[in-house]
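> Got a sequence here, can you build the structure:
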Amino acid sequence: MTAMTAMSGARTAATAARVLRQLRHDPRSIALMLLVPVLMLTLLRFVFDGSPKTFDGIGASLLGIFPLITMFLVTSIATLRERTSGTLERLLAMPLGKGDLIAGYALAFGAVAVLQSVLATGLALWVLGLDVVGSPWLLLLVALLDALLGTALGLFVSAFAASEFQAVQFMPAVIFPQLLLCGLFAARDTMHPVLEGLSDVLPMSYAVDGMTQVLTHTDMTAEFVRDAGIVAACALLVLALGAVTLRRRTP
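Numbers count the residues shown, from 1 in each chain. Purely as a prediction, here's the structure:
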């Protein structure tokens, strides 16, 4: 019956409001989502204090990667807590569809992602001196899409974890390969053909490519539109998969 329940904007909004109320009483999660990306960017700036050009080169990419990682961690753990505590089972026993639940979570964490992206982008550009050729709004857009992708991935992998420790263990499997192959450490076209082909299907590669477009072009390019569209499409696809794989309880 739950699977057949049509999605409702009111139920989705109510779910998002409930999640936000819970987050308000969880200062550690708030600190992880809002402060850690800011602190990591600040640390990176002073690591390359003698080489500002290096910071400009990788700072824009990491402006998208840090939010993705933190949102992945917080979302996967928070969703798993809901399931292990029995909250999901009680909610899904009500006239609340899986789509409403996933959309509500995505809406709540998406609101946090907006704030996180604004803080990180503002700090990088106007405090740390990140020098980009393109519009700051495009930089913010990619950072936000990356954070939403991290949220979607966290919701998806939480269905396969039985404990918070297992949720964290998914990070090396889901995040680290993308981090190594996204083009941050070496240009993707210089990699072994097999790795280059693999990087072509990983969404973080297009997040980094989108940031690079903003870093090097004054106007919005066709490549930027493609990269941003791919990241957004991947986030929506993973959210849909999350709704399909969502379980009431942890075995």
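> Tell me which residues touch T151, please.
T151 makes contact with 71-72, 75, 105-106, 109-110, 113, 235, according to C-beta atoms under 8 Å, 6 or more residues apart in numbering. C-beta coordinates here come from the backbone N, C-alpha and C atoms, glycine included.
> Tell me where the model's unsure across this structure.
Where the chain drops to pLDDT under 70, the residues are 1-7, 87-89, 91-96, 247-251.
> Would you map the strands across it?
Ranges of strands in the chain, per DSSP state E: none exist.
> what residue is smack in the middle of it?
By C-alpha atoms, centre = their mean, the chain has its centre lying nearest to G150, at 2.2 Å.
> That one touches M71, doesn't it?
Yes: using C-beta atoms under 8 Å, G150 makes contact with M71 at a distance of 3.4 Å.
> Could you name every residue contacting both of those two?
Residues touching both G150 and M71 (C-beta under 8 Å, 6+ apart) are A113.
> gap between the closest residue to D227 other than its chain neighbours and D200?
Distances taken as C-beta to C-beta, 6 or more residues apart in numbering place G210 nearest to D227, at 3.7 Å, with adjacent residues excluded. G210 is 15 Å from D200, where distance means C-beta to C-beta, to the nearest Å.
> And these two? Which one has more around it.
G210 (30 against 11; other C-beta atoms under 10 Å).
> from what I can see the more buried one touches A222, true?
No: the pair G210 / A222 is not scored as a contact, 11.8 Å apart, by C-beta under 8 Å.
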